[in-house]
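1. Sharing a model that was predicted from the sequence below.
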Amino acid sequence: MMEKRSLHAATRLAAVAAAAALVVGCGLKEDDPVTVAAPGGAVVQGPVSGAIVFADRIPAGQVRGNGIVDADEKAYSTTTDSTGNWKLTAVPTYDYEIVSLGGTDTITSQPAITMRAEGGKAGQTVTSQAVTPLTTLVQLTPEANRAALKTTIQSLGVAYNAKIDEGITPAAAALVKAVTTTASMVVEVLNTAAGGNDNTRLLSTQAVKSVQTEVLAALATNLVGKTATQLDTGAEIASITQAATTSAVTAMAADSSKAGGVTLALNNAAISQVAQSVATSTTTVVDAIAGAPGVSLANTAASIKPEAQIVTQNVSAAIETQTSASAAQQALQGVTVTVTPPTNTAPTITGAASASGTVGVAFTYTPTVADAESDLLTLSITGSKAIPPGLTFNPLTGAITGVPTASGTGTYSITVSDGRQTASLSVTLTFTRTTGATGATF
């Protein structure tokens, strides 16, 4: 019996040794840790700076998340840099998709729309992920129709998940800008109807996100099955955006939750007027791209260029003009549209007025933020100097965490915004070294 046990043990040891040899053969040493990289990539409308990117939990049985940064998702969030790049600090412990909120398109200087992209399973990751209007359309499409929509996008000469600022055809750029113009224009129409303007946003962050998501989902539905020849002029694309806008606005008027709680009082004439105006704006933007030097929407394969080469100054000006409050006001001429925005109170932020730490030792400072309407809160930090190297600032929690590598003292203002009102907290941070140690200061 003892001999039989020894044989089994020897067999198991041999299997372990073989597995270890396989790992070493793949370029790893036996004592190397096996790690999973955190998700990262780029948000591109053009490159989007200052966007919040987070891993949105996909509940069991669902195909996508709720688009809201829930409490447990804040740990898996970050902001994009000036070139649109982002990277989460950890791999999510739940099934997720990637969502970006806010930020600025650095090519057109326009606010970026809410965008989505494929994520991964719990503990797994997509390490390089573009988040664009095209990936958003695919994510918002029912799974049964996703392959058909990907084929539609591919017919324009670009993969649905391409990093479109590095290479895009004029036809694909026209579709991207038509999508973003439509989503932005509907928001502007509703904001203007509520009494807002280019400088005053009366719709909450949640309302803007909800409206844009509803419009983009309708656009995706109307694009499924289309071919390049059906998307090669401003008029062709405009007819699709008009149908999508009609569908989305009708749905939001019937169910205020689809507009983030905003109540829309629109009759059929008003809906038709808004949809026609959005279609006109789309035509203007697409025609501006089609009229750029050396551009032909119909010949997609001949001229793959970076988006910056296609979206010329004239195109950027057309986008800015067509998505402004003045353009939205034209959509409301002769039409009564009543928007009742939800009540709003300013968010609050509290915390210690000072905190200290030691160089080389993990440090955390987290303020307490709250909002009566449960709006999405975003935080920013300014100060007499940059926060110490080794520390990072989380724009969704306001937490300053990390291991400082320099000593010094700085005073900072942490500001929280609900998209309409703000509140600020001042804090002084001091970091010292252990007795006798020397090194960099900040």
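-> Looks like it came in fine. Everything quoted here is computed from the prediction, not taken from an experiment.

2. Give me the below-cutoff pLDDT ranges for the protein.
-> Along the chain, segments meeting pLDDT under 70 span 1-36, 300-302.

3. Centre-most residue in it?
-> Residue closest to the mean C-alpha point of the chain, counted by Cα atoms, centre = their mean, is residue 100 at 1.3 Å.

4. Just checking: what are the partner strands of the helix or strand hosting that one?
-> According to DSSP states H and E, residue 100 maps onto strand 96-101. With DSSP bridges as the test, strand 96-101 is paired with strand 52-57 (antiparallel), strand 115-120 (antiparallel).

5. Could you look up the next helix or strand downstream of it?
-> For strand 96-101, the following helix or strand on the C-terminal side (DSSP H and E) is strand 104-105.

6. quick one: contacts for residue 324?
-> Residues near residue 324 by Cβ atoms under 8 Å, 6 or more residues apart in numbering: 188, 198. In this view, the C-beta of every residue, glycine as well, is placed from N, C-alpha and C.

7. is it fair to say residue 146 lies in a strand?
-> No - looking at residue 146 with DSSP: H, G, I helix; E, B strand; the rest coil, it is helix, so not inside a strand.

8. The residue lying closest to it once chain neighbours are set aside: neighbour count?
-> Spatially, and ignoring its direct neighbours in sequence, residue 146 is nearest to residue 138 (5.6 Å; Cβ to Cβ, 6 or more residues apart in numbering). Look at residue 138: counted by other Cβ atoms under 10 Å, it has 20 neighbours.

9. Can you say which helix or strand has residue 138 in it?
-> Taking DSSP H and E as the criterion, residue 138 maps to helix 133-139.

10. And residue 395, how far from residue 187?
-> Between residue 395 and residue 187 the distance, using Cβ to Cβ, to the nearest Å, works out to 22 Å.

11. Quick check: buried residues in the strand holding residue 100?
-> 96, 97, 98, 99, 100, 101 (16 or more other Cβ atoms under 10 Å).

12. Likewise for stretch 187-199?
-> Here stretch 187-199 shows 187, 188, 189, 190, 191, 192, 193, 194, 196 as buried, counting by 16+ other Cβ under 10 Å.

13. Just those: which are in helices?
-> Judged by DSSP state H, the subset of the buried residues of stretch 187-199 located in helices is 187, 188, 189, 190, 191, 192, 193.

14. Dihedrals phi and psi, the residue lying closest to residue 42 once chain neighbours are set aside?
-> Spatial nearest neighbour of residue 42, excluding adjacent residues (Cβ to Cβ, 6+ apart): residue 84 at 4.5 Å. Per-residue torsions, residue 84: phi 90, psi 0 (degrees, to the nearest 10).

15. And residue 84, how close does it get to residue 431?
-> According to Cβ to Cβ, residue 84 and residue 431 sit 31 Å apart.

16. Same question for residue 376.
-> 31 Å.

17. now do residue 288
-> The gap separating residue 288 from residue 431 is 52 Å, by Cβ to Cβ.

18. and if you look at residue 359?
-> Distance from residue 359 to residue 431, by Cβ to Cβ: 6 Å.

19. intersection of neighbour lists for the two?
-> Common neighbours of residue 359 and residue 431, using Cβ under 8 Å, 6+ apart, are 404, 406, 407.

20. The second one and residue 396, how far apart?
-> Okay, so that is residue 406. Distance, residue 406 to residue 396, by Cβ to Cβ: 26 Å.

21. Next: the last one.
-> Residue 407 sits 28 Å away from residue 396, taking Cβ to Cβ as the criterion.

22. now residue 85
-> Distance from residue 85 to residue 396, counting by Cβ to Cβ: 18 Å.

23. the more surrounded of the two?
-> Counting neighbours by other Cβ under 10 Å for residue 85 and for residue 396 shows that residue 396 has the greater number, 22 against 17.

24. residues touching the nearest residue to residue 351 once chain neighbours are set aside, list them.
-> Counting by Cβ to Cβ, 6+ apart, residue 367 is the residue found nearest to residue 351 once chain neighbours are left out, at 3.5 Å. Residues near residue 367 by Cβ under 8 Å, 6+ apart: 349, 350, 351, 379, 398, 399, 414, 425, 427.

25. do that again at 7 Å, thanks
-> By Cβ atoms under 7 Å, 6 or more residues apart in numbering, the residues touching residue 367 are 349, 350, 351, 398, 414, 425.

26. what's the closest of those residues to residue 51?
-> residue 398 (17.5 Å; Cβ to Cβ).

27. is it true that the closest one touches residue 368?
-> No - between residue 398 and residue 368 there is no contact under Cβ atoms under 7 Å: 8.6 Å.

28. These two: which is more packed in?
-> With neighbours defined as other Cβ under 10 Å, residue 398 and residue 368 compare such that residue 398 has more, 25 against 11.

29. any idea how far the more buried one is from residue 112?
-> With Cβ to Cβ as the criterion, residue 398 and residue 112 are 22 Å apart.

30. Check residue 194 too.
-> 21 Å.

31. Check residue 167 too.
-> As judged by Cβ to Cβ, residue 167 and residue 112 stand 20 Å apart.

32. List the beta-bridge partners for residue 111.
-> Beta-bridge partners, per DSSP bridges, of residue 111: residue 104.

33. and what of residue 97?
-> Note on residue 97: beta-bridge partners by DSSP bridges are residue 56.

34. hang on, isn't it packed against residue 136?
-> No - taking contacts as Cβ under 7 Å, residue 97 lies outside contact range of residue 136: 10.3 Å.

35. anything in contact with each of the two?
-> Joint contacts of residue 97 and residue 136 (Cβ under 7 Å, 6+ apart) are residue 116.

36. follow-up on the earlier one: of the buried residues of strand 96-101, which is the nearest to residue 202?
-> When the buried residues of strand 96-101 are compared for distance to residue 202 (Cβ to Cβ), residue 101 wins out at 18.3 Å.

37. Excluding chain neighbours, what is closest to that closest one?
-> Excluding its sequence neighbours, the residue lying closest to residue 101 (Cβ to Cβ, 6+ apart) is residue 52, at 4.5 Å.

38. would you list the shared contacts of residue 359 and residue 431 in a markdown table and tack on neighbour count, distance to residue 92 and secondary structure?
-> Shown next, in a markdown table, are the shared contacts of residue 359 and residue 431 (neighbours: other Cβ atoms under 10 Å; distance: Cβ to Cβ, whole Å; DSSP: H, G, I helix; E, B strand; the rest coil):
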| residue | neighbour count | distance to residue 92 | secondary structure |
| --- | --- | --- | --- |
| 404 | 24 | 27 | coil |
| 406 | 15 | 31 | coil |
| 407 | 19 | 35 | strand |
